[in-house]
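Colleague: structure, please.
(3 chains)
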Amino acid sequence: MKRTAGEIGKAVEARVIGDDAEISGLASIANAAPGDLVFVEEEKHLGSALGSKASAIITAKFAENAKTQKTLLISENPRLAFARVAGLFSEAVGRTPEIHSAAVVLPSASVANTAIVDPWAFIGENAAIGHRTSIGAGSVIGSGVVIGENCKIYPRVTIYPGTNIGDRVVVHAGAVLGSDGFGYVSNRPAADRTGEGARPHTVLAYEKFPQIGQLIIEDDVEIGANTTIDRGALETTRIGRGTKIDNLVHIGHNCRIGENVIIAAQAGFSGSIVIEDNVVIGGQVGVGEHARIQEGVMLGGQAGVLPKKVLRGKGVAFWGTPAKPLREYLRSLAALAKLARKD
Amino acid sequence: MKRTAGEIGKAVEARVIGDDAEISGLASIANAAPGDLVFVEEEKHLGSALGSKASAIITAKFAENAKTQKTLLISENPRLAFARVAGLFSEAVGRTPEIHSAAVVLPSASVANTAIVDPWAFIGENAAIGHRTSIGAGSVIGSGVVIGENCKIYPRVTIYPGTNIGDRVVVHAGAVLGSDGFGYVSNRPAADRTGEGARPHTVLAYEKFPQIGQLIIEDDVEIGANTTIDRGALETTRIGRGTKIDNLVHIGHNCRIGENVIIAAQAGFSGSIVIEDNVVIGGQVGVGEHARIQEGVMLGGQAGVLPKKVLRGKGVAFWGTPAKPLREYLRSLAALAKLARKD
Amino acid sequence: MKRTAGEIGKAVEARVIGDDAEISGLASIANAAPGDLVFVEEEKHLGSALGSKASAIITAKFAENAKTQKTLLISENPRLAFARVAGLFSEAVGRTPEIHSAAVVLPSASVANTAIVDPWAFIGENAAIGHRTSIGAGSVIGSGVVIGENCKIYPRVTIYPGTNIGDRVVVHAGAVLGSDGFGYVSNRPAADRTGEGARPHTVLAYEKFPQIGQLIIEDDVEIGANTTIDRGALETTRIGRGTKIDNLVHIGHNCRIGENVIIAAQAGFSGSIVIEDNVVIGGQVGVGEHARIQEGVMLGGQAGVLPKKVLRGKGVAFWGTPAKPLREYLRSLAALAKLARKD
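Modeller: Model prediction:
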């Protein structure tokens, strides 16, 4: 499926300079072949793009007078425009709707006639799958689960009963959504819990607290491979609209994650945490129960936030364990380095 | 399935005050509807429970004279009683035993006639599944695996050959049990391993050490979604009775985890570690090989324990990397903050 | 399947002293039964091996004059020799090649006639599976994926389209290979991204950057359970020959991991990182985007490497966050401890 430079320019609001070249795909500058479109955000990379085999370049105003046979598309935000071109090409690829004969759809479930259900997918009682949504091979959709329109559920995803998923949600392979939260009640008297009690340890110490709440995932969320998000205990775990979650992330019961939040790989959230809108969470960050990260905060990789802590400040970066404002944390590191040199 | 307040009170040893209300489920105070039971541990929350739509409240002695139309259940441990009521309701929900026609059970395997085997579950050679145990869709039970009674194996769990699982064990979706440990032998002379040797790096450096031991999981263990527990290399990896393990935890080969241990999400244990009974491990904690955490120790989130280290002290909390007694670690943090302010 | 001491000695270049005993398997000293082979690397463990029930011991020169009825195999590297004996025994176990009737192999895919495809495995369009490779139950092999010879893909592995895998690669259960990288473009002006802008947050902030590159896994790589490795965005993610990766590891898009690299459990790599050959990465290590770890560096558990940082030094250990040479980091810890005592 090809597009012309003119079509692309129109779709992503870029001004076309040069031939109305036929574009067959996107590439990096290093890998580009004839027919490919590449992008250049910074003037220093323009030369290598011009020297590449690409047929066209999405770039910014600085390039408009470049001497080249290649087609230029001048955009205010070349990276964003390039991303949107990818959308144009992937739209073009469509599969024929079907429910594979090796899938199991229980009679009370409803699957839209434009949806795709791959082999060995299981659609439980009263579950509902929306239009143009695809359910990958081996995915298990529990009873009462509702999945909206235009979602892509990759293979081998497990969605526990009652989970509610909006439109245009993408869930990568191996993710587990709506699993039981980690909540137990000790059946020992408080004194005993510190280890001083006389109760023999062969007696079971923990009984499960009910994990019967719900998980709601709003529109336009993307969830990475093998990530786990627990349902609420009695309340609801909620992932806000437009939030993007990387691989191997853990989100505990009752968490409320806002809109347009970015969560990098292997970050972990224990129970009842509030992450407000537009927060950015680095990889391997850990957040303790009942903490609140206010709007627009950024947490550096491996940072740790104590239980019940509140972090605030739009655009303010925090780092370290326990997490402090970046400037303060760097000052500590510098003071320590100085001290170590003196010793 | 409903229960009366009287039945519930009898089952969980709570004294009923007021009507013998019909209870249809459990809820949080905020979500409660008529027919629901809620719980109140602290007197400050009693007002909102009394003002909620719940029909009954499990609470403590402080509430016995409250003026209300609601039924009160007075318990010595309202949270524990509430948890046990959840058990009453979930017991009531039963599925009819069956082996789904799309499951594969090898002829030499034995499945109890009260067990449930869901579609696309695989039960390998000589495996044995006990009474009232359910095996979720797409789960793979390797050859020689023994699973006891009343276990719940959620969908898409993989259990490697030879693993032994007790009674009442719950394994959440995506968990992998009994996988190979991470053990290799370098085939380079020691000098070469430091990188100074002449051996060309295109030669393979590592050969696999045998990972042919076993994994034993005792009764009443619960294992979170996408958690991985490796089999022993030559010995046995063992998870003690009543231990609760959260999502995305890694437990390496030859570890011995005691009874009633709590392990929060994303904690990781390398090989041959001993965790004694009643230890509490926070989220993202890392423990090095051959370390030993003695009975009743608590490790704060993200703490790191060095290889071969022994931590001791019932009820003593440790934190930081390398983990130190909490008080000592906090003193370090305070001293550093003071130094940074001076600099 | 048994082997004689003589056969084993010949295969692993060990000198046999004593009877040509029949060996039926390997064991630890503690677990050994008659017919088992054990190994002893250090003289201090020789006594317990001699006192065990094992029939034979692989050990080193120090043991050659031991008085015993057991068969001794004298090797320059007993641990390595022992590992290789395990290989002899596992070679002996073979399954008959078959494509299970409950697998789906699309007509355009090619599966070698010596390969094994287990139930509910899916082999996509134009995928190719090499000789003697086995694909476990429920694994999903995307379109265009190429897997070489003698690979073992455990159950419930997902391999996204276009991934290329060499020979003798082992992939454990639940791993996800070739998933989309975590790359988004903000559609807000820069000023707005800091949170000061007027754009209402109900507008979606992030659009997906194309994740259309490839993942290449070279020969002799082993990948742990539930590990995730993302495809390149526009370029290629590459895992070098002989590299061993533990469970629950995350490797982001465009990373280039060298040969003979060791990566322990739960380590995480964000995008575009270069790890050179012979690097050793401890558990829970985190590495920021565009960092480079040069040949032979060792990173201690939980260490954190900042984005764009370069670490160098064959055989040099780094630790802490931000990672420093071990000696320097230990000096900081000591200075801090001293300061805390004074305060």
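Colleague: what lies in contact with the lengthiest helix in chain A?
Modeller: The longest helix of chain A (DSSP state H) is helix A:326-342. Residues outside helix A:326-342 that contact it (Cβ atoms under 8 Å, 6 or more residues apart in numbering or on different chains): A:300, A:316-320, A:323-324, B:336-337, B:339-340, B:342-343, C:322, C:328, C:331-332, C:334-336, C:339. C-beta: built from backbone N, CA, C; applies to glycine.
Colleague: are any of these buried, and which?
Modeller: A:300, A:316-320, A:323-324, B:336, B:339-340, C:322, C:331-332, C:335-336, C:339 (16 or more other Cβ atoms under 10 Å in any protein chain shown).
Colleague: in chain A, what secondary structure element scores lowest on mean pLDDT?
Modeller: The helix or strand of chain A with the poorest confidence is helix A:190-193; it has a mean of 48 (mean pLDDT, DSSP states H and E).
Colleague: tell me which other helices or strands the next helix or strand after that one touches.
Modeller: Under the assignment DSSP states H and E, the closest C-terminal helix or strand after helix A:190-193 is strand A:206-208. Contact here means 3 or more Cβ pairs under 8 Å, 6 or more residues apart in numbering or on different chains; DSSP states H and E; on that basis strand A:206-208 packs against strand A:184-186, helix B:78-92.
Colleague: and the very next helix or strand once past strand A:206-208, average pLDDT?
Modeller: Going down the chain from strand A:206-208, the next helix or strand is strand A:214-217, by DSSP H and E. The pLDDT scores in strand A:214-217 average 98.
Colleague: tell me what strand A:214-217 is packed against?
Modeller: Contact here means 3+ Cβ pairs under 8 Å, 6+ apart; on that basis strand A:214-217 packs against strand A:164-165, strand A:176-179, strand A:228-230, strand A:236-239.
Colleague: list the contacts of that strand.
Modeller: Counting by Cβ under 8 Å, 6+ apart, A:160, A:162-166, A:169, A:177-178, A:223, A:229-232, A:236-239 sit against strand A:214-217.
Colleague: count of residues packed around the nearest residue in space to A:Glu98 that is not next to it in sequence?
Modeller: Leaving aside its chain neighbours, A:Glu98 sits nearest to A:Ile116 (6.1 Å; criterion: Cβ to Cβ, 6 or more residues apart in numbering or on different chains). Applying other Cβ atoms under 10 Å in any protein chain shown, we find 23 other residues in the vicinity of A:Ile116.
Colleague: where's A:Ile116 relative to chain B, distance?
Modeller: From A:Ile116 across to chain B, the span is 18 Å (Cβ to the nearest Cβ, to the nearest Å).
Colleague: next up, the contacts around that residue.
Modeller: A:Ile116 is in contact with A:95, A:97-99, A:133-135, counting by Cβ under 8 Å, 6+ apart.
Colleague: one more time with 6 Å
Modeller: A:95, A:97, A:134 (Cβ atoms under 6 Å, 6 or more residues apart in numbering or on different chains).
Colleague: bridging residues for the last one?
Modeller: Translated: A:Ser134. On the basis of DSSP bridges, A:Ser134 is bridged to A:Ile116, A:Lys152.
Colleague: please pick the buried ones from the contacts of strand A:214-217.
Modeller: For the contacts of strand A:214-217, buried by 16+ other Cβ under 10 Å: A:160, A:162-166, A:169, A:177-178, A:223, A:229-232, A:236-239.
Colleague: show the pLDDT at A:Phe89.
Modeller: A:Phe89 is given a pLDDT of 83.
Colleague: neighbours of it, just the number please.
Modeller: By other Cβ under 10 Å, the residues close to A:Phe89 number 19.
Colleague: near chain B, which residues of the stretch 1-150 of chain A?
Modeller: A:104, A:120, A:122, A:138, A:140 (Cβ under 6 Å from any Cβ of the partner chain).
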